[in-house]
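In: Here is my input, please return the structure:
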Amino acid sequence: MGQRTRVDDKNKLYVGNLPYTMNDESLGQLFAEFGEVVEAKVIADKFSGRSKGFGFVTMGDEDSAKKAIEAMNGKDVGGRNVVVNVSRPKEKR
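Out: Residues are numbered from 1 along each chain as shown. Just a heads-up that it's a prediction; the model follows:
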């Protein structure tokens, strides 16, 4: 399989170890200081609706994404040190 070649791949960030109280809106607000947030999505369990503790943020450009990674990776958010890096494609099972 080839690699994804979409232009905005480097703009989409994986954000892990989120507090379970975080929602899409609060996740977007958390990253807004680094630039335009195109989309912010906290992943929830499809049966319970409860957050799985991770999500994805798509920034408006690569520079904003880099700033967000540098500033947020390892930062304490709600008592948890979040993990922030460039999102990788979902692996096939």
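In: going forward, measure contacts and count neighbours with C-alpha atoms only.
Out: Fine.
In: For this protein, which segments are assigned as strands?
Out: 12-16, 37-44, 51-59, 76-77, 80-81, 83-86 (DSSP state E).
In: quick one, which of the ones you listed is nearest to residue 69?
Out: strand 83-86 (5.5 Å; C-alpha to C-alpha).
In: And the closest one, what does it pack against?
Out: strand 12-16, helix 62-72 (3 or more C-alpha pairs under 8 Å, 6 or more residues apart in numbering; DSSP states H and E).
In: Buried residues of the first one, list them for me.
Out: I take that to be strand 12-16. 12, 13, 14, 15, 16 (16 or more other C-alpha atoms under 10 Å).
In: Report the contact partners of the second one.
Out: Read it as residue 13. 56, 57, 58, 59, 65, 84, 85, 86, 87 (C-alpha atoms under 8 Å, 6 or more residues apart in numbering).
In: of all these, which comes closest to residue 43?
Out: residue 56 (7.9 Å).
In: Please name the nearest non-neighbouring residue to the closest one.
Out: Spatial nearest neighbour of residue 56, excluding adjacent residues (C-alpha to C-alpha, 6 or more residues apart in numbering): residue 14 at 4.7 Å.
In: So that neighbour sits against residue 82, correct?
Out: No: contact criterion C-alpha atoms under 8 Å: residue 14 and residue 82 do not qualify, at 10.0 Å.
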